[in-house]
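Participant: only the shape, not the letters, is given here:
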């Protein structure tokens, strides 16, 4: 018989997202090279400091389509030029699998797009459950002044695919304009 | 091409679990006939009143293995005899699919068992993420004095199977003994 997981519990603080178990994967500004539209602002920022942009918990469970992975993601507040701190974003390697993000604290967006060019920017506020349907790449963006904390769940065999997004990003950017967040076209994006 | 969902957001209050969208499915005490060990206490309780025992949100999404369903479940505080208010509990129709419960408020247990006779009682406290592996039936039990609120996620094609559990229940009961919760054998359970 297939070997499945056993029942278990992991605590994630409802406010700051931190857990008593496991280590987070950390993404510093140096890990985000080429991902912000304003390359000059990025070079200037990284010359001064290398702050933590986001961190997340990763479980290790059998990569079976009946198992689910879950954890929290914490995106810190900040900007590179006028573009807000964000995650790299990813498709799933098994493209036709979805994901759920439940926002625990902070504010921002989940930016989504599929290979057919459909996109959406779903608003994260505390208590917002955002659904990522199958086929949609997704990136968390913190437009506020405190950490953006979300609890996520996806199929354990889904996998992460960063390739295309690391090269040219998403079709849209979320930037600060006149003190408010604004969704604009990504100048680096090529059809 | 397969028709998948579009991105969307649904708000669920982080404290009381209630949503701005959709109606809950309600389970009153009258819907729980035969599910409590103390049948006399049940008959006496139902003669006086028919309180709401629990409620939950149900999404309607395509029943595809890449889609996920999510929502909140709210189990109210109370007892029938010395047995705490609980959900009916279910296996998934596709037995080899798991589920995740993230506790938002209240306290209690998720009681789990698989057809092989392995069982576990995982503790719900605010911030506890409880993992239901594939093959495990699961039931939420409120051992506290306020509503037990959880956010759940499972595969959209998993389905619910109540049959065996409605007849003889789980192998274990969670009851109040000397003012504290206690896990005991279910006298109705037959191997």
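Facilitator: Right, received. Where do you want to start? This is a predicted model, so every value here is computed, not measured.
Participant: from here on, just use CA atoms for contacts and neighbour counts.
Facilitator: Will do.
Participant: list the buried ones in the helix or strand bottoming out on mean pLDDT in chain A?
Facilitator: In chain A, no helix or strand scores lower on mean pLDDT, DSSP states H and E than helix A:163-168, which sits at a mean of 80. For helix A:163-168, a neighbour-count test (16 or more other Cα atoms under 10 Å in any protein chain shown) marks A:165-166, A:168 as buried.
Participant: can you tell me which of the residues you listed lies closest to chain B?
Facilitator: For those, the closest approach to chain B (Cα to the nearest Cα) belongs to residue A:165, at 18.9 Å.
Participant: wait, the closest one touches residue A:92, no?
Facilitator: No - checked against Cα atoms under 8 Å, the pair residue A:165 and residue A:92 is beyond contact range at 11.9 Å.
Participant: against which helices or strands is the strand or helix carrying residue A:104 packed?
Facilitator: Taking DSSP states H and E as the definition, residue A:104 sits inside strand A:99-105. Under the contact criterion of 3 or more Cα pairs under 8 Å, 6 or more residues apart in numbering or on different chains; DSSP states H and E, strand A:99-105 touches strand A:128-132, strand A:148-155, strand B:68-75.
Participant: which positions in chain A make contact with chain B?
Facilitator: Residues of chain A lying close to chain B (Cα under 8 Å from any Cα of the partner chain) are A:4-14, A:65-68, A:70, A:96-100, A:104, A:112, A:120, A:122-123, A:126-134, A:153, A:155.
Participant: correct me if wrong: residue A:67 contacts residue A:158.
Facilitator: No - shown here, residue A:67 and residue A:158 do not form a contact pair, counting by Cα under 8 Å, at 10.1 Å.
Participant: can you pull out the helices in chain A?
Facilitator: A:39-48, A:163-168 (DSSP state H).
Participant: what's the last one in contact with?
Facilitator: This points to helix A:163-168. A:34-35, A:88-90, A:188-190 (Cα atoms under 8 Å, 6 or more residues apart in numbering or on different chains).
Participant: weed out the non-buried ones from those.
Facilitator: Applying 16+ other Cα under 10 Å to the contacts of helix A:163-168 flags A:35, A:88-90 as buried.
Participant: which one of the residues you listed is nearest to residue A:184?
Facilitator: residue A:35 (15.4 Å; Cα to Cα).
Participant: which pLDDT value belongs to that closest one?
Facilitator: You'll see residue A:35 listed with a pLDDT of 93.
Participant: not counting its neighbours along the chain, what's nearest residue A:5?
Facilitator: Counting by Cα to Cα, 6 or more residues apart in numbering or on different chains, residue A:5 lies nearest to residue B:133, which is 5.5 Å off, once chain neighbours are set aside.
Participant: how long is stretch A:16-33 end to end?
Facilitator: For stretch A:16-33, the first-to-last residue distance is 27 Å (Cα to Cα, to the nearest Å).
Participant: low-confidence ranges, chain A, go.
Facilitator: A:1-2 (pLDDT under 70).
Participant: tell me the contacts of residue A:155?
Facilitator: A:64-69, A:97-99, B:66.
Participant: ignore what I typed, I meant residue A:149.
Facilitator: Counting by Cα under 8 Å, 6+ apart, the residues that residue A:149 touches are A:15-17, A:72-75, A:103-106.
Participant: so what's it bridging to?
Facilitator: residue A:74, residue A:105 (DSSP bridges).
Participant: how close does it sit to chain B?
Facilitator: 13 Å (Cα to the nearest Cα, to the nearest Å).
Participant: and for residue A:188?
Facilitator: For residue A:188, the distance to chain B - Cα to the nearest Cα - is 24 Å.
Participant: name the nearest residue to that residue, ignoring sequence neighbours.
Facilitator: Per Cα to Cα, 6+ apart, closest to residue A:188 is residue A:168, 5.9 Å.
Participant: before we move on, what about residue A:138?
Facilitator: Excluding its sequence neighbours, the residue lying closest to residue A:138 (Cα to Cα, 6+ apart) is residue A:112, at 4.5 Å.
Participant: so that neighbour bridges to which residues?
Facilitator: residue A:120, residue A:138.
Participant: that one touches residue A:140, doesn't it?
Facilitator: No - using Cα under 8 Å, residue A:112 makes no contact with residue A:140, being 9.1 Å away.
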